[in-house]
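# A predicted structure for the sequence below; I have some questions about it.
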Amino acid sequence: MNLRSQQLLFWILQIIGWGIPSFLNGYGKYVLNTDALIKKYLILEAILFFILGIFWTTVLRSYIKKYIASFDTLKKDYIKVIVAYVFSSFGFGISLISLSYLAYSFILEKSMELTVKMFLITFLNLFLFILFWLLFYISIKTLINSKKKHIEYLELESSFKDSQLNTLKGQINPHFMFNSLNNIRGLMLEDVEKARDMITRLSELLRYSLSKSSNSTIKIKEELEMVANFIALSHIQFEDRLIYEENVDPNLLELEIPPMIIQMLIENAIKHGISQQKNGGTVHLQVSQKEKSLEIIVTNTGQLEKNKESTKIGLKNISDRLRILYGEKANFKLSEKEGNVIAHIQIPL
């Protein structure tokens, strides 16, 4: 359920929820009285009850949305909820009595008799009304959040499968395999030991892609091992046209990130950046910490290819996975500056 649908549902329930008791309470008093002026006042009192009920519960809802971190932390924030509940109930009671008093004086042209019993009954009823409203509101929001989390879980599961398929299509596609094996075959005539090393790297790349891509998270150092294998194999093809630089904070190597995130950025940088440059270029990886965020920045020589659908699919995959895993706390953007394409990821620590 999107935000607009939730807003519409809230106002429908507000109108129905306060409309029914306002009507029943007002109608019950109305039929028991014969005085025309009293009946006129009772109609106005019912309208005041309806309007003020909607107003104070909307204020209560706004407070909960602003100051309660999430419905998962309601147990920790119960004091805030209780304070807001008491404040709203008192506000409702004081405003209802005050406006009813003014309406009574205006219509009947005499003062309403205010007694301690009337105050107690009014406040007790309103405290119960607000309590039922609050419990109902929390129940509805919890149900919506539960459904939302279930959908996000299914999206995440689907995203991981898509990521694995994209990896199999992108990294281990027949074109890449053909180039790598063909390059290694040529290398065997020049340097057998290096050719053996490249075969080992290719097998490690295949093993990693098939076994690790289904994991939810993986250590940065493991991801960098795959990147190193991919770069080594790419160097056979591009030779001096590919310059790879790496600046990684060693203190961050044990941190865990979604698998294939760095590797997909590096692949994208080489496939759509370096390979399109006649003289090649540089791919620079930076992994650092900025305040409470992990920053992953991949910079490559080249220009943004806005019309390349394959590029969009890979980048959308990264963006979707970050959104599902971290929500609005993670950020991914792609930009172009001074002949370089910059992919920038921020993940909360």
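Arrived safely, thanks for sending.
# count of neighbours near the closest residue to residue 241 other than its chain neighbours?
Leaving aside its chain neighbours, residue 241 sits nearest to residue 280 (2.6 Å; criterion: C-beta to C-beta, 6 or more residues apart in numbering). Every C-beta, even on glycine, is put in place using the N, C-alpha and C of the backbone. Other residues near residue 280 come to 18 when the count uses other C-beta atoms under 10 Å.
# likewise for residue 268?
Neighbours of residue 268 using other C-beta under 10 Å come to 24.
# ranges for the helices of the stretch 151-300 of the chain?
Applying DSSP state H, counting those that start in this stretch to the stretch 151-300 of the chain gives helices spanning 174-188, 192-211, 220-238, 261-272.
# and those helices: which comes nearest residue 319?
Comparing those by their distance to residue 319 (C-beta to C-beta), the top pick is helix 261-272, with 10.7 Å.
# helices or strands up against that closest one?
If contacts are counted by 3 or more C-beta pairs under 8 Å, 6 or more residues apart in numbering; DSSP states H and E, helix 261-272 sits against helix 116-170, helix 220-238, strand 281-290, strand 293-301, helix 309-326, strand 340-348.
# the last one: partners in the sheet, and parallel or antiparallel?
Strand 340-348 has the following sheet partners, assigned by DSSP bridges: strand 293-301 (antiparallel), strand 331-337 (antiparallel).
# closest one to residue 35 among those strands?
Evaluated with C-beta to C-beta, the strands paired with strand 340-348 place strand 331-337 nearest to residue 35, the distance being 66.3 Å.
# pLDDT score assigned to the residue lying closest to residue 339 once chain neighbours are set aside?
Leaving out its chain neighbours, the residue that sits closest to residue 339 by C-beta to C-beta, 6+ apart is residue 301, at 6.6 Å. We note a pLDDT of 90 for residue 301 in this prediction.
# repeat that for the one 10 residues further on.
pLDDT recorded at residue 311 is 54.
# do the one 3 residues further on as well
Looking at residue 314, its pLDDT is 64.
# low pLDDT regions in this protein?
Scanning the chain for pLDDT under 70 picks out 1-2, 68-76, 156-176, 210-215, 306-314.
# if we can go back for a sec, which of the helices and strands packed on helix 261-272 sits closest to residue 273?
Comparison of the helices and strands packed on helix 261-272 against residue 273 by C-beta to C-beta identifies strand 293-301 as nearest, at 3.9 Å.
# hmm, residue 257 is touching residue 347, no?
Yes: assessed by C-beta atoms under 8 Å, residue 257 is found in contact with residue 347 at 6.5 Å.
# overlap in contacts, these two.
294, 296 (C-beta atoms under 8 Å, 6 or more residues apart in numbering).
# one step back: out of the helices and strands packed on helix 261-272, nearest to residue 90?
helix 116-170 (7.6 Å).
# report the distance from that closest one to the chain centre.
Averaging C-alpha positions (C-alpha atoms, centre = their mean, to the nearest Å) puts helix 116-170 14 Å from its chain's average.
# just checking, what packs against it?
helix 3-32, helix 36-67, helix 78-108, helix 192-211, helix 261-272, helix 309-326.
# can you pull the contacts of residue 303?
Counted by C-beta under 8 Å, 6+ apart, residue 303 has contacts 336, 339, 341.
# run the last query once more with 10 Å
272, 273, 276, 277, 336, 339, 340, 341 (C-beta atoms under 10 Å, 6 or more residues apart in numbering).
# not counting sequence-adjacent ones, nearest residue to the fourth one?
When the adjacent residues along the chain are set aside, residue 277 lies closest to residue 301, with 5.7 Å between them (C-beta to C-beta, 6+ apart).
# assess the claim that that neighbour and residue 243 are in contact.
Yes: counting by C-beta atoms under 10 Å, residue 301 touches residue 243, with 8.7 Å between them.
# number of residues surrounding the closest residue to residue 58 other than its chain neighbours?
Distances taken as C-beta to C-beta, 6+ apart place residue 14 nearest to residue 58, at 7.2 Å, with adjacent residues excluded. Using other C-beta under 10 Å, residue 14 has 19 neighbouring residues.
# what of residue 122?
Counted with other C-beta under 10 Å, the neighbours of residue 122 add up to 16.
# likewise for residue 20?
Residue 20, neighbours per other C-beta under 10 Å, totals 11.
# need phi/psi at residue 338.
phi 50, psi 50 (degrees, to the nearest 10).
# scratch that, residue 304
Main-chain dihedrals, residue 304, degrees, to the nearest 10: phi -70, psi 130.
# next up, the contacts around it.
Here residue 304 is in contact with 272, 273, 311, 334, 335, 336, 341, 342 (criterion: C-beta under 10 Å, 6+ apart).
# wait, which of the residues you listed is closest to residue 137?
For the contacts of residue 304, the residue nearest residue 137 by C-beta to C-beta is residue 334; the value is 40.6 Å.
# which ones are touching the closest one?
So residue 334 contacts 265, 268, 298, 304, 311-312, 315, 318-319, 341-344 (C-beta under 10 Å, 6+ apart).
# among the helices of the stretch 151-300 of the chain, which comes closest to residue 102?
Residue 102 lies closest to helix 261-272 among those, at 63.6 Å (C-beta to C-beta).
# now that closest one against strand 340-348, angle please.
Here the directions of helix 261-272 and strand 340-348 differ by 170 degrees (axes from the mean of the first three to the mean of the last three C-alpha atoms, to 10 degrees).
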